[in-house]
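# heads up, no residue letters with this:
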């Protein structure tokens, strides 16, 4: 993209917020002697995972489902605290960046996420206030890389595909956005992204 965009669409996990699976997955799999990687694999292959990520399962039902699956006795409140502990309190990108970007274009969040995480980061992170558009898989019933969720974000941001930049750390999500004509940026580091924003005249230190 050679000109400033109308909208910038950000993924959340590992782009804005660091994710450390060891903080919670170890606690969830402790009684079964599972590593955090094994727990995450079991979660992502669980037949209810898409329902959880796309809003067809409540937080309390998810807690009960995992308590049975992993044999833990955490209360719902304890489980929520453990589940949210994967999210690092210190964001990857500076709040000043979002302040500058929001003054020049529409900012949107586009995340495959669940209601427990949404409630936590909307209440805990200051960057959220700069995003006029927030599209979460658990609220719209579909998830990346399905085209529908990108179209939803574009409509909410009132932007055509070629007027938007989409930023994600996962190659499959970046390729899916690019296939729809969206200017897609594969996030690998904050420094590289800030260089790109500087080139577009959107960021100054």
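Looks like it came in fine. Just so we're clear, the structure is a prediction, and the values are computed from it rather than from any experiment.

# quick one, domains of this structure?
Domain assignment for the chain by automatic domain parsing gives 7-18+91-199, 22-84.

# now render those domains as CSV, adding mean neighbour count.
Backbone N, C-alpha and C define where each C-beta goes, glycine included. Converted to CSV, the domains of the chain look like this (neighbours: other Cβ atoms under 10 Å):
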stretch, mean neighbour count
domain 7-18+91-199, 18
domain 22-84, 16
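
# and those domains as JSON lines, adding mean pLDDT?
Output for these, formatted as JSON lines (pLDDT from 0 to 100):
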{"stretch": "domain 7-18+91-199", "mean pLDDT": "98"}
{"stretch": "domain 22-84", "mean pLDDT": "96"}
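
# how about the ones you listed in a markdown table, adding distance to residue 1?
Below are the domains of the chain laid out as a markdown table (distance: least, Cβ to Cβ, whole Å):
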| stretch | distance to residue 1 |
| --- | --- |
| domain 7-18+91-199 | 4 |
| domain 22-84 | 30 |
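
# helices of the protein, residue ranges please.
22-28, 36-44, 49-53, 59-70, 76-84, 95-102, 115-124, 137-140, 147-157, 171-179, 190-199 (DSSP state H).

# so how far is residue 4 from residue 189?
Separation of residue 189 from residue 4 (Cβ to Cβ, to the nearest Å): 22 Å.

# residue 135 too?
Counting by Cβ to Cβ, the gap from residue 135 to residue 4 is 22 Å.

# would you confirm that residue 98 contacts residue 128?
No - Residue 98 is not in contact with residue 128 according to Cβ atoms under 8 Å; the separation is 9.0 Å.

# ok, and what's touching stretch 115-122?
By Cβ atoms under 8 Å, 6 or more residues apart in numbering, the list of residues contacting stretch 115-122 from outside reads 12, 17, 55, 58-59, 62, 80, 83-84, 87, 128, 134, 136, 138-139.

# the same query, at a cut-off of 7 Å, please.
12, 17, 59, 80, 83, 84, 87, 128, 136, 138 (Cβ atoms under 7 Å, 6 or more residues apart in numbering).

# and that stretch, how far from the chain's centre?
Here stretch 115-122 is found 10 Å from its chain centre; the criterion is Cα atoms, centre = their mean, to the nearest Å.

# in JSON lines: the helices of the chain, plus distance to residue 163.
Shown next, in JSON lines, are those (distance: least, Cβ to Cβ, whole Å):
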{"stretch": "helix 22-28", "distance to residue 163": "38"}
{"stretch": "helix 36-44", "distance to residue 163": "33"}
{"stretch": "helix 49-53", "distance to residue 163": "28"}
{"stretch": "helix 59-70", "distance to residue 163": "36"}
{"stretch": "helix 76-84", "distance to residue 163": "34"}
{"stretch": "helix 95-102", "distance to residue 163": "14"}
{"stretch": "helix 115-124", "distance to residue 163": "26"}
{"stretch": "helix 137-140", "distance to residue 163": "21"}
{"stretch": "helix 147-157", "distance to residue 163": "9"}
{"stretch": "helix 171-179", "distance to residue 163": "13"}
{"stretch": "helix 190-199", "distance to residue 163": "16"}
